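Chemist: Take a look and give me a structure for this.
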Amino acid sequence: MNTPFIRLLAVLLLTAAALHAQVPQLINYQGRVAVDGLNFDGTGQFKFAFVSAAGSTTYWSNDGTSTAGAEPTASVALTVSKGLYSVLLGDATLPGMTIVPATVFTHGDVHLRVWFNDGSHGFQLLTPDKRIAAVGYAMIADSVIDGAITAAKLADGAVTSAKLADGAAAANLAAAGQSGVPSGGLVLSATENPALVDAGYVKIAATMTTVEWQQRVNGTPPTSRRDHTAVWTGSEMIVWGGIGDGGIGNLNDGGRYNPTTNSWTAVTTTAAPAVRRHHTAVWTGSEMIVWGGYNSIGNLNDGGRYNPTTNSWTEVTNTAAPTARNDHKAVWTGSEMIVWGGYNANGLLNDGGRYNPTTNAWASVTTAGAPTARDGNTVVWTGTEMIVWGGYNGNQLSDGGRYNPATNNWTAMTVTAAPTARRSHTAVWTGTEMIVWGGYNGGGLLSNGSRYNPASNMWSVVSSAGAPSARHSHGAVWTGAEMIIWGGYDGTNRVNTGARYNPTTDSWTTISTSEAPTGRLEPKMVWTGGELLVWGGQGGAGGYVNTGGRYDPINDVWTTITTNGAPSTRAHATVIWAGNEMLVWGGMLPLESLYVNDGARYNPATGTWTVIPTLSAPVGRGGNSVVWTGSEMVVWGGLGADDANFSDGGRFNASTNSWVPIHPSKLMYLYQRP
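Modeler: Modelled structure (predicted):
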C-alpha cells in the first residue's frame, strides 16, 4: 500500500458556541485520503493528535491516550466520499473523541497529526503534520478598535471585580443608590464552561461526587440488580425484575435501553406483575411475557404482558393457569407460550400450561403421557413440538416425551435404542433430529449416544466406530451438516481429541490432533460458517488457558490461534461470534477472584487479535446480561467483587472498536457565583 496522502481543505471553521461571542471549542477539519493512488470510499478509521512542531510532545489526542506524539489507542469512524472526509475535532458526542481544551493553543506552534486505517492495511501515519494557523476569532481579538466595546457588547457578569479599579464599582452603585455587594446565583451547564469561570462563577458540583462529572445517557435506567431477565426486541433491550443490592429485595420494575439514541425509557410499574425472581420472560415479537417465579410470599402463578410501544402492562390471567412455580421451562411457539415443569413447595413438577396472549387465556398442558417430573433435562422446540428428554429426579433419566400444542397430546418417546440415562451430555438439534451423545451416569463416563427423529418416533443408535473416547464437559457445535465433539475430561486427563459425526452417513471422522490446542474442559467454541474456533477453558492442573486453535473440517487441519494480543487467562468470559470476528470480553482472573473488563477480538481471516479498549468500558462484573444486537454487544447490570450490584453497562461496537457507556443518568455541571 502506498502511504495515503491527505490534503488540507480548511483547518478551522467557526461554529456557534454555548455563550454569545465565545471562541468555539470545536474545530472543523477536512482532508482527503487515497489508497494506492485511488480516492478512498467508505468508512475509515482515523486517529488525531495535536503535537509540537518536532512531534515529540502531545498537547491533545482524540481519546486522550497519546503521549510524546505516539498513536492514540481508540479511533474515530468517519464516512469518506471520493476521498473527502470532515470531522469536528473535540466533538465529544463522537465515539472515541474528547473535547479540545483551550490550553492547547497557548502553545505557539501546534501541528495536527493524523493516522488512517482503510480496514485492510492497518493504521498509517499521514505525513506531513499540518500546522494550525490563526482564525478570525483569534485575529480580531488582537486588533479591537479603541472604544469598540460598549455596554451593549458586554454580557451580564462578563466583567469581574478583579478587572475593576478599587472602589470603582462601589462608587457607581452608591451613586445610583444601590448596594455594592454583588448578588449570587446558580447555573447548570451541560459541559465544563471556562466562560462561567471567567465570569466569576465557581464549579461546586465536583464536591458532590467522587466520580468524574460527565455527560451521561439520557433517561433513568433501572436500579442496580442481578438475576434479572433481559430480552432483545430487535431495537431495544428490556430489563425487568431480579434482585436488588446485597441480594435483598425482589424487584418489579425495569427499563428499555435503545442503543441508537443511547437512552433509557422506564418500564412503567402501573399494573406490572408483583416483585419476583426466577421467573421466565419470552418475547413474542411485540410483547414481553413475564410469568411465574417467586418472592418473599412464595411461588407465583401470575404474570403480565409488557408492550414497549404503549409502555403498558396487561395482566396475564391466572384463571386456569398452571400452579405456582419457579425455575420452569418456557418456550414461545409463535402464537403461544408453553410453560412446563419447575419447582414448588412440594418439589418437582411435570405439568404446565399454554398461554395465548391474543385471548388472554390458559389451556392446560395435559399430564396424560407426560414425562415424569425432573430437572436438568433437555428442552427443544422443533417448530411444531416441544421435546423433553433426560434429566435428574434423584436418578438419571433416559426417557422423555414430545408435546404437541395443536392437539394437547404427549407422545412418549420410545426407549428402544434410546441413550442410557445420563447427565452433562451433549444435545444438538439438526433441524430434523435431536442428537444426544456422551456425558456420564452412575456407572461412569459414556462415549455413546443416539439420534431421535420425532416424525417417526424412532431412536437410531449413533455408531461407535471412530467415536471420541468417553468424556464429559466437552464442547459441541452443529455445523449445519455435522456435529463436532472436541476436548473435555476422560476421567484421567483433559483431552484435545475429538471427532465429527455425520448423521446422514451415521459415521464419525476423527479430528487430527496435529497442531491442535492443548486438552481442556469447557472450551469456548464457535462455528464461523467454515471453521471451528476453540479458545480458553480449564487446562491442565485445573488452571485456565488463553490459547486456542482454528479447525478446518474439510481439510482436517488445525491452525494455532496466536497468543500475541490475546486476552489474558480468565474464567467465565463472554464469547460472541460477531459475523466475522470472535469477541472475548470480561470474566474473572481465577487466582485473584477478580473481575476484569478487558478483552480482544479475533479475526480468523487475518489470524490476528485486536485489543478491545477499556476506555469507557463497563467495570468488570459477573452475572450481567449480554445481548448481541447484530452490530453491537450490549453489557448491563451484574455483580461486582464487593457483592454490590451494577446499574450501568456499555455497548461495544466492533466496527469502531469503541465503547459507548451506558451510565446511570445524565449529570450536569453546577456553577455558583459568590
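Chemist: Was I right to think Glu336 contacts Thr358?
Modeler: No. Look at Glu336 against Thr358 with Cβ atoms under 8 Å: they stay out of range, at 9.1 Å. (Each C-beta comes from the backbone N, C-alpha and C, glycine too.)
Chemist: Neighbour count for these two, which is higher?
Modeler: Of the pair Glu336 and Thr358, Glu336 is the one with more neighbours under other Cβ atoms under 10 Å, namely 20 against 8.
Chemist: For the more buried one, list the residues it contacts.
Modeler: By Cβ atoms under 8 Å, 6 or more residues apart in numbering, Glu336 lies in contact with 354-356, 405.
Chemist: do the same with Ala373
Modeler: Ala373 makes contact with 341, 347-350, 393, according to Cβ under 8 Å, 6+ apart.
Chemist: cool, Thr372 as well?
Modeler: Neighbouring residues of Thr372 by Cβ under 8 Å, 6+ apart: 350, 393, 397, 399.
Chemist: Roughly how far does the last one sit from Val415?
Modeler: Pointing back at Asp399 there. Look at Asp399 and Val415: by Cβ to Cβ, to the nearest Å, they are 6 Å apart.
Chemist: Between those two, tell me which one has more neighbours.
Modeler: Per other Cβ under 10 Å, whichever of Asp399 and Val415 has more neighbours is Asp399, with 17 against 12.
Chemist: mind giving me the domain split of this structure?
Modeler: Listed domain ranges for the chain are 27-140, 463-561 (source: automatic domain parsing).
Chemist: Let's have these in a markdown table, adding mean pLDDT, mean neighbour count and distance to Asn307.
Modeler: Output for the domains of the chain, formatted as a markdown table (pLDDT from 0 to 100; neighbours: other Cβ atoms under 10 Å; distance: least, Cβ to Cβ, whole Å):
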| stretch | mean pLDDT | mean neighbour count | distance to Asn307 |
| --- | --- | --- | --- |
| domain 27-140 | 84 | 17 | 31 |
| domain 463-561 | 92 | 18 | 34 |
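Chemist: Please enumerate the shared neighbours of Asp399 and Val415.
Modeler: Common neighbours of Asp399 and Val415, using Cβ under 8 Å, 6+ apart, do not exist here.
Chemist: picking that back up, now flag whichever of the contacts of Ala373 is closest to Thr378.
Modeler: Using Cβ to Cβ, Gly341 comes nearest to Thr378 of those, at 11.8 Å.
Chemist: Can you add distance to Val611 and give the domains of the chain back as TSV?
Modeler: Formatted as TSV, the domains of the chain follow (distance: least, Cβ to Cβ, whole Å):
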stretch	distance to Val611
domain 27-140	8
domain 463-561	13
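Chemist: thinking Val388 is in contact with Gly401, fair?
Modeler: Yes. Using Cβ under 8 Å, Val388 makes contact with Gly401 at a distance of 5.6 Å.
Chemist: now Arg354: how far from Val231?
Modeler: 20 Å.
Chemist: try Ser61
Modeler: 39 Å.
Chemist: closest to Trp332 among the contacts of Thr372?
Modeler: Set against Trp332, the nearest of these by Cβ to Cβ is Asn350 (20.8 Å).
Chemist: how close does that closest one sit to Arg256?
Modeler: Separation of Asn350 from Arg256 (Cβ to Cβ) stands at 36 Å.
Chemist: ok, back up a step: filter the contacts of Glu336 down to the buried ones, PyMOL style.
Modeler: Per 16 or more other Cβ atoms under 10 Å, the buried members of the contacts of Glu336 correspond to this PyMOL selection:
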select buried, resi 354+355+405
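Chemist: ok, the closest residue to Gly90 other than its chain neighbours - contacts?
Modeler: Using Cβ to Cβ, 6 or more residues apart in numbering and skipping residues adjacent in sequence, the residue nearest Gly90 is Val100, 3.6 Å away. With contact taken as Cβ under 8 Å, 6+ apart, Val100 is in contact with 25-27, 50, 60, 89-90.
Chemist: dump the residue contacts of the nearest residue to Pro503 once chain neighbours are set aside.
Modeler: Once flanking residues are discounted, Pro503 sits nearest to Arg451: 5.7 Å by Cβ to Cβ, 6+ apart. Counting by Cβ under 8 Å, 6+ apart, Arg451 touches 433-436, 459-460, 462, 503.
Chemist: Just the buried ones from those residues?
Modeler: Judged by 16+ other Cβ under 10 Å, buried ones among the contacts of Arg451: 433-436, 459, 462, 503.
Chemist: Can you lay out those as CSV showing secondary structure and distance to Leu94?
Modeler: Shown next, in CSV, are these (DSSP: H, G, I helix; E, B strand; the rest coil; distance: Cβ to Cβ, whole Å):
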residue, secondary structure, distance to Leu94
Glu433, coil, 50
Met434, strand, 49
Ile435, strand, 48
Val436, strand, 51
Trp459, strand, 58
Val462, coil, 54
Pro503, coil, 50
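Chemist: Export those as JSON lines, with columns for distance to Tyr306.
Modeler: Listed next are those as JSON lines, based on distance: Cβ to Cβ, whole Å:
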{"residue": "Glu433", "distance to Tyr306": "36"}
{"residue": "Met434", "distance to Tyr306": "32"}
{"residue": "Ile435", "distance to Tyr306": "36"}
{"residue": "Val436", "distance to Tyr306": "36"}
{"residue": "Trp459", "distance to Tyr306": "41"}
{"residue": "Val462", "distance to Tyr306": "43"}
{"residue": "Pro503", "distance to Tyr306": "40"}
